[in-house]
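Engineer: Have a look at this prediction, sequence included:
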Amino acid sequence: MAYCEKDDLLTGDIPLAGKYGDGTKFVELAADEIDAQIGHIYETPIEIAVEGHPENRPSQLLLKKINTLLASGRIVLDMAAGGEDDRLHAYGASMVKEALGLLDLLTKQAIVLTGADKIESVDDDPNTAVSLIQEDPYSLVEGFYTRYGRTTVIPASLIPPSPMRPYDDRVI
């Protein structure tokens, strides 16, 4: 489920070539990207009821804006534009950058989607960081040194130099 329509694409006067169709695929891919980013926080696809709940409208408009900017930016970046063959299309890049910035705020929960259903496990378990657990009862490296012993290292300055042997004329 997309959060915007194909008619919402901001491609300006850039005509969509045949392989891009009407842009529906880009809208759907952008919606999937949004769901992938915020799917660990909210139940996706997000359905926000606006009728009778005017406080939910900003959340719906934000999702529509992110979907529109991301889909439009990706389609403009994918199309070749004259004069911008050796670098990213500035208009497309700015739309993608703005959309990803808003999406980042959603994933960090700096912006809360009012009216969207949160996943319960996120609220119950605040520790979502990666944990490393050492399952061995002792360090394998320490075990190596204990078994084979630590050798005393003699500084090179204390080793007497060996006299050089003169070359002899024997052929080996």
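Structural biologist: All right, it came through fine. Residues are numbered from 1 along each chain as shown.
Engineer: where does Pro58 land on pLDDT?
Structural biologist: Listed pLDDT for Pro58 reads 94.
Engineer: Doesn't it belong to a helix?
Structural biologist: Yes. Read with DSSP: H, G, I helix; E, B strand; the rest coil, Pro58 is one of the residues of a helix.
Engineer: What is the neighbour count of it?
Structural biologist: Pro58 is flanked by 15 other residues according to other Cβ atoms under 10 Å. The way it works is simple: take the backbone N, C-alpha and C, and place the C-beta from them, glycine included.
Engineer: list the contacts for it?
Structural biologist: Going by Cβ atoms under 8 Å, 6 or more residues apart in numbering, Pro58 touches Thr114.
Engineer: Against Val50, how distant is it?
Structural biologist: Here Pro58 is placed at a distance of 10 Å from Val50 (Cβ to Cβ, to the nearest Å).
Engineer: what's the answer for Phe144, then?
Structural biologist: Phe144 sits 65 Å away from Val50, taking Cβ to Cβ as the criterion.
Engineer: who has more neighbours, those two?
Structural biologist: In this comparison of Phe144 against Val50, neighbours counted by other Cβ under 10 Å, the higher total goes to Val50 at 14 against 10.
Engineer: show me what contacts that one?
Structural biologist: By Cβ under 8 Å, 6+ apart, the residues touching Val50 are 56-57, 60, 115.
Engineer: which one of those residues has the most neighbours?
Structural biologist: The most crowded member of the contacts of Val50 is Gln60, carrying 20 neighbours; neighbours defined as other Cβ under 10 Å.
Engineer: Flag every buried residue along the helix or strand that contains Leu63.
Structural biologist: Per DSSP states H and E: Leu63 is located in helix 57-78. Under the neighbour-count criterion of 16 or more other Cβ atoms under 10 Å, helix 57-78 has 59-60, 62-63, 65-77 buried.
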